[in-house]
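Engineer: Next one to model:
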Amino acid sequence: MDLVSDLKKSYDEIISVFYDITEDMTSTFNEKKVIDVALKILKKIVNYEAISVLTYHKKNEMYILKREANYNRELKKMLNKMITDGLVEWAIKTGKPFITRENLDEIKTNIIIPLMYKEELLGVIIFHTKEDENYFTQNVLKILTIISNQLSINFENINLYNNLQKRNKKQEELKNYMNNIIKSMTSGIIVLDKENIVRVINERAEKLLQMKVEKYIHKKINYSDFNQEFMKKIEKLHSRTLEGKISKEKEIEYELEDGTYLPLGVTTQLLKNKGKMQGMIYVFRDLRESKELEELKRIDKLKDEFLSMVSHELRTPLTSIKAYTETLIFMAEEKEDEEELDFLNIINEESDRLGRLINDVLDLSKIEAGKMNFIIKEEKVEKLIKIAERNMKGHADKKNIKLIVDCEENLPSVLVDKDRTMQVLSNLINNAIKFTEESGEVKIRAKKKDENFIKLSIKDTGVGIEKENLEMVFEKFKQAENILTRSEGGTGLGLPICKNIIEYYGGEIWVESEFGKGSEFFFTLPTKK
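Structural biologist: Here you go, the predicted structure:
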C-alpha cells in the first residue's frame, strides 16, 4: 500500500493505518522489533530505496547506527556527509522532517526525520528515494511526523522499561544481599510490619526462640504462643521504641520447650521510610556465651593477680633461703662433709628453680597485663647470638654438646629490646641443650627471611616432639609430658613468654619436629626499615 501515490485514500483507511502503527509499535518493548515495525510502515507510505535508523547517545554526544537497509558504499558516504555537514543538526533544530536535494545516481530526495520526546533528542531516521521533492506534500510530511512521534514515544518507553528492569535487578540483588547478611548474622532477627505481620525471621532467631518459620512468616504474630512474662517485657520495650526513646539492650529470660530459661539480650529498632513508621526490627542475642566469657575473664584476672601477689610474696623468703643456703654450703665445704654438702646443693638448685619459676610468672603476668616495659633499639643479630652462645657454653660443655652458629653474612640490624630478645634466645638454647642427649649438637642459625624480617632457628638432636603435642608447647603451664619431663625442671612458662615477646615485635614463632629426630624452633625479628 503506497499512500503517497494514492491520495484518494479515505479518512477511515488512513485512521486504520495509524491504528495499526500504534498497536504494532506499543505491543513490544523490544527495540529491534519496534524498528522493524517502523520500517515496514514507512515502506507503505514512502517507497524508499535505502533507510537508516540512528539513536543518540546523550552522554557521549554521538549517534549509534541501529539499523540500515540497502546501502552501497557511495550511499553510505553520502549518509556520513549529511551527518558531518550539519544537515541532521538542522533537522533536529526544526523538530520536523527535513528534505535535502543531494542526488546520487537515481536517488533524488533524502528525508531526515528527528525523533524527539519532550524536546529531548532520541535519534533520527534518514531515508533516500527516487522521487523528487514535490512528491512529499504537507499531508505526507504530517503523516511522517506522526509516525516519528509514535516511534519516539516507543523509544522513550523502551528506555524507561530497560531502566526499570535494571533498577528491579539491582533491587533484587540488594534484597538477596541483605537476606544473606541477615541469614548469616549471629544474632536472631525478626521483622514485623506496621500490621504486626512477620516479614523476616532469620535462622538464628528460629533456633534461639524455637520458632517454626512456616508457622509465623507472612502471618500476624500470635503473642499467646509466647511466655506472658517474656511478652510483657517485649511490649514494654516495643512501647519505648514507639515513643522515640533510644532502645538499649535489655536482658530478658526466654523459657525454652524443656522448661529451662535462656538469657537473651533484646534490642528493638523502628523501621521507617521517609519518616513514616513501617514496622519494627527485633534483635535477639544469646547472652550465655558472653556471660561465660565475662566469668572466664574475671577468673583469669583473679588468677593473674593471685600469681603476681604470690610471686612477690615468695621472693623475700626465697632470698633469705638462698643466702643462708650459700653460707651453709661454704661451711660444709670447710668441714668437708660430703653428705651435708649434697643436701645443701639440692636445696640451692631447687631454690634457683623456684626463683626462675617466680620470675617467669611475674614476666608472663606483666606481658599479659601490658605492663612489661620494652626498650626498642637497633641491635645486631650476630652480637646477640654470640652473647647467648657464650652464656650457654658452660651448660653445653657439661653434656659434651657442641654449639654450632651459622649466621648469614651482612644481616640487617633488628629493632628489638635487647634483654627480652636475649631471654628468648637463652630460653630456646637452654631447652635445646636440656633435651639433647650427651655428645649431641645444637645449631643456632640466622638468615634474612624477606625485606621486613630476619628468621632465626635453634635446632637440637634430641628426641623431638610428637605431632599431637606440637600445638600445646606454647600454651601456659603445658608440657608435652613425654618430652618436657618434670625431671628436667621445666615450668611450662618459658615458651609462652617467648611467644608473647616475639609477637610484641610483630614477629612469629613456631616449631617443627619429628619424634625421635629432634626439634627446630623458629622465630622472626623485625629489621630496621
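Engineer: make it CA atoms for all contacts and neighbour counts henceforth
Structural biologist: Will do.
Engineer: and Asn431, how many neighbours?
Structural biologist: Per other CA atoms under 10 Å, the neighbour tally for Asn431 reads 18.
Engineer: Then Leu428?
Structural biologist: The burial count for Leu428: 22, using other CA under 10 Å.
Engineer: Same question for Gly516.
Structural biologist: 12.
Engineer: Give me the phi and psi for it.
Structural biologist: phi 90, psi -10 (degrees, to the nearest 10).
Engineer: what helices or strands is the helix ranked longest in the chain leaning on?
Structural biologist: Secondary structure of the chain read by DSSP state H shows that its longest helix is helix 287-335. In terms of contacts (3 or more CA pairs under 8 Å, 6 or more residues apart in numbering; DSSP states H and E), helix 287-335 is packed against strand 261-273, helix 338-368.
Engineer: What angle do strand 261-273 and that helix make with each other?
Structural biologist: Using axes from the mean of the first three to the mean of the last three CA atoms, to 10 degrees, the direction of helix 287-335 lies 130 degrees away from that of strand 261-273.
Engineer: if we can go back for a sec, indicate which one of the helices and strands packed on helix 287-335 is closest to Ile112.
Structural biologist: Nearest of the helices and strands packed on helix 287-335 to Ile112, taken as CA to CA: strand 261-273 at 48.5 Å.
Engineer: List the contacts of the closest one.
Structural biologist: 237-238, 241-242, 247-256, 277-288 (CA atoms under 8 Å, 6 or more residues apart in numbering).
Engineer: Just the buried residues of it, please?
Structural biologist: For strand 261-273, the neighbour count (16 or more other CA atoms under 10 Å) marks Leu262, Pro263, Leu264, Gly265, Val266, Thr267, Thr268, Gln269, Leu270, Leu271 as buried.
Engineer: again with stretch 147-161
Structural biologist: For stretch 147-161, a neighbour-count test (16+ other CA under 10 Å) marks Ile147, Ser148, Asn149, Gln150, Leu151, Ser152, Ile153, Asn154, Phe155, Glu156, Asn157, Ile158 as buried.
Engineer: ok, the closest residue to Lys402 other than its chain neighbours to Ser351 distance?
Structural biologist: The spatial neighbour of Lys402 that comes closest, neighbours along the chain excluded (CA to CA, 6 or more residues apart in numbering), is Glu441 at 4.6 Å. From Glu441 across to Ser351, the span is 29 Å (CA to CA, to the nearest Å).
Engineer: Which of those two has more residues huddled nearby?
Structural biologist: Legend: neighbour count by other CA under 10 Å for Glu441 and Ser351, higher for Glu441 (20 against 17).
Engineer: For that one, give its distance to Glu206.
Structural biologist: To Glu206, Glu441 is 62 Å away according to CA to CA.
Engineer: Please apply the same query to Leu237.
Structural biologist: For Leu237 relative to Glu206 (CA to CA), the value is 20 Å.
Engineer: Neighbour count: the two, which is higher?
Structural biologist: More crowded of Leu237 and Glu206, by other CA under 10 Å: Leu237, with 22 against 15.
Engineer: ok and the helix or strand that one falls within relative to strand 261-273, angle-wise?
Structural biologist: In this assignment (DSSP states H and E), Leu237 forms part of helix 228-242. With the same axes, to 10 degrees applied, the angle from helix 228-242 to strand 261-273 works out at 30 degrees.
Engineer: residues making contact with the next helix or strand after helix 228-242?
Structural biologist: Sequence-wise, the next helix or strand downstream of helix 228-242 (DSSP H and E) is strand 250-255. Residues from elsewhere that reach strand 250-255, judged by CA under 8 Å, 6+ apart: Leu209, Asn227, Phe230, Lys233, Tyr261, Leu262, Pro263, Leu264, Gly265, Val266, Thr267.
Engineer: Just the buried positions in strand 250-255, please.
Structural biologist: Glu251, Ile252, Glu253, Tyr254, Glu255.
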